[in-house]
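Asks: curious how this folds, go ahead:
(chains A and B)
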Number of protein chains: 2
Amino acid sequence: MYTYRLTLCYDGSRYNGWQKQGNTKNTIQEKLETLLTRLLDEEIEVAGSGRTDAGVHAMGQVVSFHSAQHHDPAWLLGEMRRYLPDDIGAMELTVASPRFHARLNATGKTYVYRIWNSDAPNVFERKYMYTMPDTLDISAMEAAAAHLIGTHNFMSFCANKRMKKSTVRTITDLRIDRLGHEVRFTVTGDGFLYNMVRILVGTLLEVGTGKRAADSIPALLDAADRSQAGYLVPPHGLRLEAVYYD
Amino acid sequence: MYTYRLTLCYDGSRYNGWQKQGNTKNTIQEKLETLLTRLLDEEIEVAGSGRTDAGVHAMGQVVSFHSAQHHDPAWLLGEMRRYLPDDIGAMELTVASPRFHARLNATGKTYVYRIWNSDAPNVFERKYMYTMPDTLDISAMEAAAAHLIGTHNFMSFCANKRMKKSTVRTITDLRIDRLGHEVRFTVTGDGFLYNMVRILVGTLLEVGTGKRAADSIPALLDAADRSQAGYLVPPHGLRLEAVYYD
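Replies: Below is the predicted model:
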């Protein structure tokens, strides 16, 4: 048995997210499995580093899968590029160690959330940024972000109310950059709860617009209550930037 | 009568070009005129600086129109942003001098043509770049471009075989830049013939891939024969960048 590691880019706009599940049609996982099963003439199941929600994009989603046969990675990468739809891009393919698993071995991830912070429309990147023309206080958001860095119980930032596993995660970096009219959040951590990045960004935007104080974050973490955190920003501003392995 | 000057951005992907004509539905001009006529409660006709073909984009198309009434430009700009589809962006609106006409007064234009020069797909900008993974000799293309700068008869680069007006134009600048995997052509001139930029780029790409010599350009200009020039590159790599007025 051979194990392959694939790095994938996708524009999530027209997909129901990464994960194939029940009756959910048109997922990225399904597109990939259907193609690989056909190309390799063998039932292929793929594991992503994690699911991305409907409408969320990826620059560096990592995927693993097994095949009974050995395939030349350059050949298989070429075939994938030829047959995948133009909003899913196969970037790299390597033969991995047999025990490699994209989700179980992931040690960290970086997500990017992009805000188009202007009254003037951005027609070319409209599908990749959340338009929010309000004046944003970057320093206040940075002060709030500093309270989120580190190991915390992120229950307040988890959309899954019935989460039974640990909601403790470690955020190692949370940067906020202004790039012209764009405000970009870049968050890196060992793992993220359901909707955690989008709730974090929504909460920081409430700080940036003066609706919430930067120093209210520690109490919000302590509350462990989703209803006290900020709003869920829309999916199209979010992309999974990179996944890390040891 | 009041004259207005509007700067427009658009993603041309889903439109049949700028110009409303005969039975051609779904043009940018038509969208704009329909909206302005409704907003101003008066039949509005707009003049663009020039037509862009189906699938061609614009960063800075300039449009003029008249209205019997005076309208606050900030109000009208806000209304246009509110009601235009998200792939057409109203960037600026000013009251112009009564004689201003976007096409007749234009003294020059800049077009940008973008090539994605890699085997690896670019899913996020796929609608704005022409993918061409071949090795490109930038120096050879620059040498060829040098022969195109200046005042020439560009008949060989004109798709309209029955062109009765002058085919003499002046190209003041033609730059070729490599930006990572992107190769970008930026051409500025006093005016462009039908398909001229796309035929110019197709011809330069033939030089870049070694199919045509850089020093063959003067003879090609002299031939005044479209069939001797290069191929027509697809529209989606092209955008009208800026229009100039005195």
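Asks: chain A: strands as residue ranges?
Replies: A:2-10, A:46-48, A:57-67, A:88-96, A:106-116, A:130-131, A:150-153, A:168-179, A:182-189, A:238-245 (DSSP state E).
Asks: residues touching the first one, excluding its own?
Replies: Translated: strand A:2-10. Strand A:2-10 has contacts (Cβ atoms under 8 Å, 6 or more residues apart in numbering or on different chains) with A:28, A:32, A:46, A:57-71, A:73, A:76, A:80, A:87-100, A:102, B:121, B:123-124. To be clear about C-beta, it is placed using only N, CA and C from the backbone, and glycine gets the same treatment.
Asks: PyMOL command for the buried members of these?
Replies: Under the burial definition 16 or more other Cβ atoms under 10 Å in any protein chain shown, those of these that qualify are selected in PyMOL by:
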select buried, (chain A and resi 28+32+46+57+58+59+60+61+62+63+64+65+66+67+71+76+80+87+88+89+90+91+93+95+96+100+102) or (chain B and resi 121+123+124)
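Asks: hmm, back to that, mind putting the strands of chain A into JSON lines with mean pLDDT?
Replies: Listed next are these as JSON lines, based on pLDDT from 0 to 100:
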{"stretch": "strand A:2-10", "mean pLDDT": "98"}
{"stretch": "strand A:46-48", "mean pLDDT": "97"}
{"stretch": "strand A:57-67", "mean pLDDT": "98"}
{"stretch": "strand A:88-96", "mean pLDDT": "98"}
{"stretch": "strand A:106-116", "mean pLDDT": "98"}
{"stretch": "strand A:130-131", "mean pLDDT": "98"}
{"stretch": "strand A:150-153", "mean pLDDT": "97"}
{"stretch": "strand A:168-179", "mean pLDDT": "98"}
{"stretch": "strand A:182-189", "mean pLDDT": "98"}
{"stretch": "strand A:238-245", "mean pLDDT": "98"}
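Asks: distance to B:Gly189 for these - can I get that in JSON lines?
Replies: JSON lines is the format used below for these (distance: least, Cβ to Cβ, whole Å):
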{"stretch": "strand A:2-10", "distance to B:Gly189": "36"}
{"stretch": "strand A:46-48", "distance to B:Gly189": "49"}
{"stretch": "strand A:57-67", "distance to B:Gly189": "37"}
{"stretch": "strand A:88-96", "distance to B:Gly189": "35"}
{"stretch": "strand A:106-116", "distance to B:Gly189": "32"}
{"stretch": "strand A:130-131", "distance to B:Gly189": "34"}
{"stretch": "strand A:150-153", "distance to B:Gly189": "57"}
{"stretch": "strand A:168-179", "distance to B:Gly189": "32"}
{"stretch": "strand A:182-189", "distance to B:Gly189": "32"}
{"stretch": "strand A:238-245", "distance to B:Gly189": "38"}
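Asks: what does stretch A:140-160 contact?
Replies: Applying Cβ under 8 Å, 6+ apart, the set of residues contacting stretch A:140-160 from outside is A:163, A:167-176, A:193-196, A:199-200, A:203-205, A:207-208, A:210, A:212, A:214-218, A:220-221, A:223-226, A:228-229, A:232.
Asks: distance across it, terminal residue to terminal residue?
Replies: When the termini of stretch A:140-160 are compared using Cα to Cα, to the nearest Å, they are 28 Å apart.
Asks: now do the buried residues in it.
Replies: Of all the residues in stretch A:140-160, those buried under the rule 16+ other Cβ under 10 Å are A:140-142, A:144-145, A:147-149, A:152, A:154-158.
Asks: next one: that stretch to chain centre, how far?
Replies: Distance, stretch centre to chain centre, for stretch A:140-160: 17 Å (Cα atoms, centre = their mean, to the nearest Å).
Asks: what's the answer for stretch A:188-197, then?
Replies: Using Cα atoms, centre = their mean, the offset of stretch A:188-197 from its chain centre is 8 Å.
Asks: ok, A:Thr172 to A:Asp190 distance?
Replies: Distance from A:Thr172 to A:Asp190, counting by Cβ to Cβ, to the nearest Å: 7 Å.
Asks: next: A:Thr110.
Replies: 11 Å.
Asks: these two - which one has more neighbours?
Replies: A:Thr110 (19 against 15; other Cβ atoms under 10 Å in any protein chain shown).
Asks: in this structure the more buried one contacts A:Glu241, no?
Replies: Yes. A:Thr110 is within contact range of A:Glu241, at 4.3 Å (criterion: Cβ atoms under 8 Å).
Asks: and stretch A:224-231, end to end?
Replies: Taking Cα to Cα, the first and last residues of stretch A:224-231 lie 15 Å apart.
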